[in-house]
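Peer 1: Structure here, sequence nowhere to be found:
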DNA sequence: TAGTGGTCTAGACCACACG
DNA sequence: GTGTGGTCTAGACCACTAC
């Protein structure tokens, strides 16, 4: 790692970075941000834990506190870290209730939260077909875990999910473990498998329910359903999950904000 | 406006704000941000124009340049302003191509942009029914403008929009003006009516096409369509537009990112 | 060359949480 | 009281743009 500390002689901003050939310089605070992100990915500070104080980090990286602050500012804006005044800066976790709604944008018409229940239908290991392999950036035929589950809100079947997970990262995952776990699925992934979902992109379409889906969701065959195809990433933009959800939107809607 | 300049005597951080009774203090940079936003709303600096330099603003508001910078940072993050190194800071506008995709999240399956065409079907003044009045925060019966249009991508009818606009703000709007205008609709609103869309919330559902919509969109009655209900705001969170779009998602999808 | 935003630093003080 | 993040300031220098 190139020492971020500026030498006292004012010349030569040290363009030797040795990473990717030429181009793309980044300011000091972004390098610090990268170092922190790297440590987060390595698990040096785990979800829910406090990271060292800004002063500590500044001393460690040999930069000023303000530079560390700007790095942390961006990481907090990206929801990787959470600042708490008077207490410290913490690694974000899917166990805080606050984090749930970042990944489930379905809202009830009446605004109430209500009772939620998860029913696991299937959990098996499969070989990646080429289309999924492409999304996971692995070779076709490598191992994946496939999970199917039904989500009920207030006793009403609302979401039918088909989930594929990176096989190498989710070795011991079974339907039993999923069913026994109390709390959000991404909380389990984080606590039990050390895989934290950071970001995702979703593609939404309206589709007609086929017979099987309609049966499981308790709607008529051919009903309009919202199809949500998600690709999720962990630290460093590494794809680790693909899911395809079918949402019943007669009593719920998918909320999005443009800004 | 309360003078943000700190008196040299170090005591009393001047909690008298006289705005809303008690509670909610905001740091200096947020007050500056508010003052800038207010001027933007008043049209002192118009879309596309350059605002005064950070040094100018700092002198004007009697704060340090760093404080102005932090205010502008947030406004830039919210896409109200655009910074251009070496040139200045500019008021964001819907005329930059960059701004279009912030409000139309529909993407073609093949990733191409292609040819886009807008056909205006209807434009008339109506009295607000109570449901719309509630969303506009006006009284039922007040004037609205209603527009219906069809959006075609590569000659294929893809979006059927029904748009309601705040009547008082869009007095001279006619179907002819809409049809004659080259460029994005929000660009017209901004240039011709001085109303700039800042943010919006959308509610998405899957619905079945009724006979009329299906006819206009060239799909079978009962087909699954993506319904997108949008409430848009201008400066100061003031609601100025409601629209309901029906999207054909057989060759396009609605893209969203979670982070 | 002059003016703009962008980065980095250093120090002071404030607001909050906890023992 | 001590330690944390949060704010504000002031000054130096860099990078980019235009004239």
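Peer 2: Sure thing, it's come through. Remember, it's a predicted structure, so these values are computed and weren't measured experimentally. Residues are numbered from 1 along each chain as shown, chains lettered A, B, ... in the order given.
Peer 1: Show me the helices in the stretch 1-150 of chain A, by range?
Peer 2: Shown for the stretch 1-150 of chain A, the helices assigned by DSSP state H, counting those that start in this stretch span residues A:28-42, A:54-61, A:65-77, A:97-103, A:130-136.
Peer 1: Could I get these in JSON lines, plus columns for mean neighbour count?
Peer 2: All C-beta spots, glycine's among them, are computed from the backbone N, C-alpha and C. JSON lines is the format used below for the helices of the stretch 1-150 of chain A (neighbours: other CB atoms under 10 Å in any protein chain shown):
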{"stretch": "helix A:28-42", "mean neighbour count": "18"}
{"stretch": "helix A:54-61", "mean neighbour count": "16"}
{"stretch": "helix A:65-77", "mean neighbour count": "18"}
{"stretch": "helix A:97-103", "mean neighbour count": "15"}
{"stretch": "helix A:130-136", "mean neighbour count": "14"}
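Peer 1: Point me to the residue of the stretch 151-259 of chain A nearest DNA strand C.
Peer 2: Closest to DNA strand C within the stretch 151-259 of chain A is residue A:259: 19.5 Å, counting by CB to the nearest atom of the strand.
Peer 1: Please convert the helices of the stretch 1-150 of chain A to JSON lines, extending it with distance to residue B:89.
Peer 2: Putting those into JSON lines (distance: least, CB to CB, whole Å) gives the following:
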{"stretch": "helix A:28-42", "distance to residue B:89": "20"}
{"stretch": "helix A:54-61", "distance to residue B:89": "28"}
{"stretch": "helix A:65-77", "distance to residue B:89": "19"}
{"stretch": "helix A:97-103", "distance to residue B:89": "30"}
{"stretch": "helix A:130-136", "distance to residue B:89": "39"}
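Peer 1: Looking at those helices, which is nearest to residue A:245?
Peer 2: Among the helices of the stretch 1-150 of chain A, helix A:97-103 comes nearest to residue A:245, with 11.1 Å by CB to CB.
Peer 1: does residue A:187 count as helix, strand or coil?
Peer 2: Look at residue A:187: counting by DSSP: H, G, I helix; E, B strand; the rest coil, its state is helix.
Peer 1: measure it to residue A:99 for me?
Peer 2: 9 Å (CB to CB, to the nearest Å).
Peer 1: for residue A:63, same thing?
Peer 2: 30 Å.
Peer 1: lowest confidence element among the helices and strands of chain A?
Peer 2: The weakest-scoring helix or strand in chain A, judged by mean pLDDT, DSSP states H and E, is helix A:97-103 (a mean of 87).
Peer 1: Can you give me the separation between residue A:98 and DNA strand D?
Peer 2: To DNA strand D, residue A:98 is 15 Å away according to CB to the nearest atom of the strand, to the nearest Å.
Peer 1: correction: residue A:77
Peer 2: Separation of residue A:77 from DNA strand D (CB to the nearest atom of the strand): 11 Å.
Peer 1: List the contacts of that residue.
Peer 2: By CB atoms under 8 Å, 6 or more residues apart in numbering or on different chains, the residues touching residue A:77 are residue B:77.
Peer 1: Give me the contacts around the least confident helix or strand of chain A.
Peer 2: Defining contact as CB under 8 Å, 6+ apart, one finds that helix A:97-103 is touched by A:79, A:92, A:93, A:94, A:184, A:186, A:197, A:200, B:258, B:259.
Peer 1: What are the buried residues along stretch A:229-236?
Peer 2: Buried positions in stretch A:229-236, judged by neighbour count with 16 or more other CB atoms under 10 Å in any protein chain shown: A:229, A:230, A:231, A:232, A:233, A:234, A:235.
Peer 1: among those residues, which are in strands?
Peer 2: Judged by DSSP state E, strands contain the following of the buried residues of stretch A:229-236: A:229, A:230, A:231, A:232, A:233, A:234.
Peer 1: Tell me the residues of the stretch 1-150 of chain A that contact DNA strand C?
Peer 2: A:5-6, A:27-30, A:63-67, A:70, A:84-87 (CB under 7 Å from any atom of the strand).
Peer 1: What pLDDT is listed against the residue nearest the centre of chain A?
Peer 2: In chain A, the C-alpha closest to the average C-alpha coordinate belongs to residue A:197, at a distance of 2.1 Å (CA atoms, centre = their mean). Per-residue pLDDT puts residue A:197 at 96.
Peer 1: for it, helix, strand, or coil?
Peer 2: Quick answer, by three-state DSSP: residue A:197 is coil.
Peer 1: Test my guess that it contacts residue A:189.
Peer 2: Yes: in this structure residue A:197 lies within contact range of residue A:189 using CB atoms under 8 Å: 6.8 Å.
Peer 1: Could you tell me which residues touch both of the two?
Peer 2: In contact with both residue A:197 and residue A:189: residue A:94, using CB under 8 Å, 6+ apart.
Peer 1: returning to that earlier point: distance between the least confident helix or strand of chain A and the chain's centre?
Peer 2: Chain-centre distance of helix A:97-103: 11 Å, with CA atoms, centre = their mean, to the nearest Å.
Peer 1: same deal with stretch A:158-166?
Peer 2: Put simply, stretch A:158-166 sits 14 Å off its chain's centre (CA atoms, centre = their mean).
Peer 1: Does chain B have contacts with that stretch?
Peer 2: No: taking CB under 8 Å from any CB of the partner chain as the criterion, stretch A:158-166 and chain B are apart, separated by no less than 12.4 Å.
Peer 1: How much space separates the closest residue to residue A:70 other than its chain neighbours from residue B:207?
Peer 2: Using CB to CB, 6 or more residues apart in numbering or on different chains and skipping the chain neighbours, the partner closest in space to residue A:70 is residue A:29 (4.2 Å). For residue A:29, the distance to residue B:207 (CB to CB) stands at 47 Å.
Peer 1: Report pLDDT for residue A:55.
Peer 2: On pLDDT, residue A:55 comes in at 96.
Peer 1: about what we covered before: so what's the residue of the stretch 151-259 of chain A closest to DNA strand C up against?
Peer 2: With CB under 8 Å, 6+ apart, residue A:259 has these contacts: B:78, B:79, B:102, B:198, B:199, B:200.
Peer 1: follow-up on the earlier one: wait, the residue nearest to residue A:70 touches residue A:72, no?
Peer 2: No: using CB under 8 Å, residue A:29 is not in contact with residue A:72, being 9.2 Å away.
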